[in-house]
Structures are given as structure tokens and as C-alpha cells.
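S.K.: sequence and computational prediction follow.
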There are 2 protein chains.
Amino acid sequence: MSQAVAWKQLMLRSVKKNSSLPSAKYIQVATVKNNGRPANRTVVFRGFLEDTTKLTFVTDSRSAKIDDIGHTPFSEICWYFPITREQFRLGGQLSVISKESGVEEELKLRQAAWARMSSGGQEQFLWPTPGKPRQGVRDLVQGPVPGDQDPPPETFCLVVMDVEEVDHLQLKGNRRHRYWKSTQIEGGWEEEETNP
Amino acid sequence: MSQAVAWKQLMLRSVKKNSSLPSAKYIQVATVKNNGRPANRTVVFRGFLEDTTKLTFVTDSRSAKIDDIGHTPFSEICWYFPITREQFRLGGQLSVISKESGVEEELKLRQAAWARMSSGGQEQFLWPTPGKPRQGVRDLVQGPVPGDQDPPPETFCLVVMDVEEVDHLQLKGNRRHRYWKSTQIEGGWEEEETNP
């Protein structure tokens, strides 16, 4: 069903139109820390789970955002596309698929996400704990990097946002639309044009 | 004092080095909504208040972020610079300078911010309420746009972040530093290198 969801089609079109800029796949993920203050950082968009409206990125199990998500799963992702000059804001809940997941299907998704990473991206999961004081380590990579088909490092997590609402702003033409999951139709979405 | 603050100097250098990309002045501002969920949107960086570490942007008094800030003033700003490949995360408290401010110095800052806006940017404050259903308005601008020296529209607000902590990540070379306001030295900052 979800291939037909309007905002997802628009977003994937924007991904394509902005593909000459590597940073156009960088998205800003806001969470709430356990002290009630917001956190905000850049991650790389890693695609949707097949034909769903579930968006994915990866993170390190030792990163602060894992604590945030454990405290409150709600997030808003802000995605600005420089070439087409549009912004998508995606609200929804995050869930983390770690080594500890007991669901076989989830572990398959985690393995597949690992296999799709570049070797540079994979290496980062062998780095020392992010955000901790640096102890003069020259070579960050600590230990061998598992192959694409090997079990990923324990630190490797796939994060999934189940998107619930979308705000799409087009600076070209000053158009803005919001989308939200229908409470009437299973898998359906409602849409409204709003003032920019 | 603050001209000498290390992270601010690095940031202003990055602004210069990325100035060929207009979108490199776009920053993502996270706040917490009154339902406890995060919000995240792109705004334009409008400089620091003179030689302080107070960062500014502008917003419409009718925008949702004004409600968020009224509820909880804490924010984290995420700023990614594509050309130099670095990210700054700025944590701090936001304060809003609206038409209602009773402080003359604040109203001067608001007037000066208005005068620095492009005419296209100024017009947006005469648009109908952002985020409300669009009523088939063709011409968004409702009413005359005040001149640079005239009183700004009632909707025009200057927002100031009093930066308290900074996380600076450089993808080139994989370096990361955090900075935080010193509790020992008035106006001073502490610094630490951390794992990226």
C-alpha cells in the first residue's frame, strides 16, 4: 500500500533530485533527553523498510540517543533538500533493533543494514565509546571489522521511525502540506494544504 | 571577551568557508512541545549578538515554536556545514524578543534584525497564520510591508539562544570537541576532546 503514499513518493523523488549532493541524505533527528531537554543531531538516511512508511537510520548502542529513545520514543526528523529547496518534518516513534532483539525478522533487517554500509561506515562501530574523553588514540578502529555476512558488531543498531505525521514545505512556490495517518482507513493517510 | 571563544571562532570560520552554499546558513532548531514530544525545523542563522555567544534567528509570533519555547525554553540547534564536513550542536536556552518586550535595548535589537531582512523575508511576516489550513489565497502577502526603519509587523520576533554547551564534530580527520561554560571563570569556557 505505502508505495502509493503521497508524501513518501514526493520524498523519494526529492532524494533522487538531490542525489548530486551527498549531504542531501543527512537528516536531523530530534529526541528528548532524560532531563526533559531536546537533543538534535545529524544522521544518514538509510531508506524505508520496503514498502512501508518506516524510515531507518543506524546508530551506535553506546550513543546518547539510545538513552533518549529508551526514555521517550518520540522524535521529529527534519530533512532539508538544498537543490529542490524543500523541507520535510517527520513525526513519529523510534524503535531500536539491537543485537538483543529476539525477533528473527528484526535481526535479518539489522544484518541487511550492516551489509549495505560502506567499509568506512562499518569501521565506526569499532571505535571507542562516542562522546567519551579521547585517550590519545591515533587509530580509532579497535579490532577487526566483521564482513557483510558476519554478525555485526554488538554496538551496531538499526533505528526505525514509524512515521505518524509529515509537514512538507516547498520554498519554491511557497506551498505547504501536512499529512497524518488516517484514523478511518487502515494504512491510509489524510492530507491538507496549509499556509507556509 | 567572547570574540576569543574558541568554538565561536571556529563556527564563524565555517560560515565563511561554506558561504558559497546559501543553505549552509540553515540550522535545525529542536524544541519540546507541550505534549513532551520533540519538534525540529529549519531556520536561517541571523548572526550572534555582537561579541557574545548568543545566537539569533527570527520567527513569526504565530508559529508553533513560540508555544514550545513558552512551555520549555531549552533547545538544541544542529548545524551541518557541507563543504567543510562538520557539525556543531549547540545547547542552551531560547528567549523571544517580541513587540511586547518592555526592554528598550531588546526592541532595538528587534528593529535592527528587521532592517537586515531581505524584502522577501520581511513579506513572510504579512502572510496568513503559518500552519493553518490554506484558504485558497493566491497572494500570500496581506497588507503593506513596513520599511526597514518602520516598526516591524507585530508578528516579527527575534529569538536568542544563550549557548551553554557545544559539540563540534569534524568528519574530516574524525575529531570531536565539546565546550561548556566554565563555572569557575565568568565568561570563560572549558574544552575537551572526545571520541567522535
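M.R.: Done, it's in.
S.K.: A:Ile83 and B:Asp162, how far apart?
M.R.: The gap separating A:Ile83 from B:Asp162 is 34 Å, by Cβ to Cβ, to the nearest Å. Backbone N, C-alpha and C define where each C-beta goes, glycine included.
S.K.: surely A:Gln124 meets A:Asp60?
M.R.: Yes - between A:Gln124 and A:Asp60 there is a contact at 7.3 Å, judged by Cβ atoms under 8 Å.
S.K.: and A:Leu21, what does it touch?
M.R.: Residues counted as contacts of A:Leu21 (Cβ atoms under 8 Å, 6 or more residues apart in numbering or on different chains) are A:82-83, B:82.
S.K.: residues contacting stretch A:31-42, please?
M.R.: A:26-30, A:64-65, A:67-69, A:71-72, A:74-75, A:94, B:28-32, B:36-38, B:40, B:72, B:74-78, B:80, B:87, B:89, B:91.
S.K.: mind checking which helix or strand A:Val43 is in?
M.R.: Secondary structure from DSSP states H and E places A:Val43 in strand A:38-44.
S.K.: name every strand pairing with that strand and say which way it goes.
M.R.: Taking DSSP bridges as the criterion, strand A:38-44 sits next to strand A:26-32 (antiparallel) in its sheet.
S.K.: how distant is the strand it pairs with from the center of its chain?
M.R.: 8 Å (Cα atoms, centre = their mean, to the nearest Å).
S.K.: same check, this time on stretch A:152-166
M.R.: 6 Å.
S.K.: for that stretch, list the C-alpha coordinates in CSV.
M.R.: In CSV, the C-alpha atoms belonging to stretch A:152-166 read as follows (Å, rounded to 0.1, in the frame of the first residue of the first chain):
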residue,chain,number,x,y,z
PRO,A,152,27.6,-7.1,13.0
PRO,A,153,29.4,-5.6,16.0
GLU,A,154,27.4,-5.6,19.2
THR,A,155,27.3,-1.8,19.0
PHE,A,156,25.5,-1.8,15.7
CYS,A,157,21.8,-0.8,15.9
LEU,A,158,19.2,-0.1,13.3
VAL,A,159,16.7,2.6,14.3
VAL,A,160,13.2,2.7,12.7
MET,A,161,10.9,5.6,12.8
ASP,A,162,7.2,4.7,12.3
VAL,A,163,6.2,7.9,10.7
GLU,A,164,2.8,9.3,12.0
GLU,A,165,2.7,12.8,10.6
VAL,A,166,4.6,14.8,7.9
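S.K.: buried sites along it?
M.R.: With burial defined by 16 or more other Cβ atoms under 10 Å in any protein chain shown, the residues of stretch A:152-166 counted as buried are A:152-153, A:155-161, A:163, A:165-166.
S.K.: max pairwise distance over those residues: which two?
M.R.: Taking Cβ to Cβ as the measure, the buried residues of stretch A:152-166 span a maximum distance of 33.8 Å, between A:Pro153 and A:Glu165.
S.K.: which stretches in chain A count as helices?
M.R.: A:6-17, A:64-71, A:104-116, A:119-123 (DSSP state H).
S.K.: for B:Thr52, which of these is the nearest?
M.R.: The closest of these to B:Thr52 is helix A:64-71. By Cβ to Cβ, the value is 27.5 Å.
S.K.: going by distance to chain B, which of the buried residues of stretch A:152-166 wins?
M.R.: A:Glu165 (10.5 Å; Cβ to the nearest Cβ).
S.K.: isn't the closest one up against A:His177?
M.R.: No - at 11.3 Å, A:Glu165 does not count as touching A:His177 under the criterion of Cβ under 8 Å.
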